[in-house]
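> From the sequence below, what's the structure:
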Amino acid sequence: MTATPPSRFHRFPVRVYFEDTDAGGVAYHATYLRWAERGRTESLRAMHLPHALMMARHNSMLVVRRVEVEYVRPARLDDALLVETRVRALGAATIDLVQDVLRPAEDGSEALLARLVVGLVCVTPGGAGGTEGLKPARLPPPWRDALAGLSEGKGPS
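Take a look at the predicted model:
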């Protein structure tokens, strides 16, 4: 299995739809979590290492263990945004990411709307298929090797 060499970050475009907002046209706080999930999923897919392949070949998956969100500016109805995903640190079974939600401007600048710090852990299913039996597992080598090239640090924070 050959992974595509990653760049230092991945960008995923999103649009703010009516369903993402409150009555005033401002994006709900939980919407940022969905956008970040899509950004993480698409960053792995861009490296040709999707979640489904990890599950099928290695009987393991990535799950969120922690999320911190700082909201800086509101996203509004119809905004075109970017979710930028970077690897902050990589451990044997963990990945710490920084995901910025950005609003590009016509002049080429970008406004930071929110920053998410996300902790992931690789697990294998256990027991009867429920989440009770999930056990930490080492990241499979193709994922670890691809993500190591993106890491800003040496270990999890």
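> Okay, strands next: where are they in this structure?
10-15, 61-71, 80-90, 94-104, 110-124, 135-136 (DSSP state E).
> So which elements touch the third one?
Spelled out, that is strand 80-90. Applying 3 or more CB pairs under 8 Å, 6 or more residues apart in numbering; DSSP states H and E, we find strand 80-90 packed against strand 10-15, helix 31-46, strand 94-104, strand 110-124, helix 141-148. C-beta: built from backbone N, CA, C; applies to glycine.
> how about a cut-off of 7 Å?
strand 10-15, helix 31-46, strand 94-104, helix 141-148 (3 or more CB pairs under 7 Å, 6 or more residues apart in numbering; DSSP states H and E).
> out of the ones you listed, deepest packed?
Highest mean neighbour count of the helices and strands packed on strand 80-90: strand 94-104, a mean of 21 (counted as mean count of other CB atoms under 10 Å).
> That strand: partners in the sheet, and parallel or antiparallel?
Sheet pairing of strand 94-104 (DSSP bridges) gives strand 80-90 (antiparallel), strand 110-124 (antiparallel).
> center of the chain - which residue?
What sits nearest the mean C-alpha location of the chain, by CA atoms, centre = their mean, is residue 40, with 2.8 Å.
> pretty sure it contacts residue 83?
No: counting by CB atoms under 7 Å, residue 40 stays clear of residue 83, with 8.6 Å between them.
> What is the burial count for the closest residue to residue 73 other than its chain neighbours?
Nearest residue to residue 73, sequence neighbours excluded (CB to CB, 6 or more residues apart in numbering): residue 113, at 4.9 Å. Neighbour count of residue 113, defined by other CB atoms under 10 Å: 22.
> Check the one 5 residues further on too.
Other residues within reach of residue 118 by the criterion other CB under 10 Å amount to 22.
> Would you enumerate the residues in contact with it?
By CB atoms under 7 Å, 6 or more residues apart in numbering, residue 118 lies in contact with 36, 64, 67, 97, 99.
> Would you mind measuring from it to residue 141?
22 Å (CB to CB, to the nearest Å).
> Would you format the strands paired with strand 94-104 as TSV with mean pLDDT included?
Shown next, in TSV, are the strands paired with strand 94-104 (pLDDT from 0 to 100):
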stretch	mean pLDDT
strand 80-90	96
strand 110-124	97
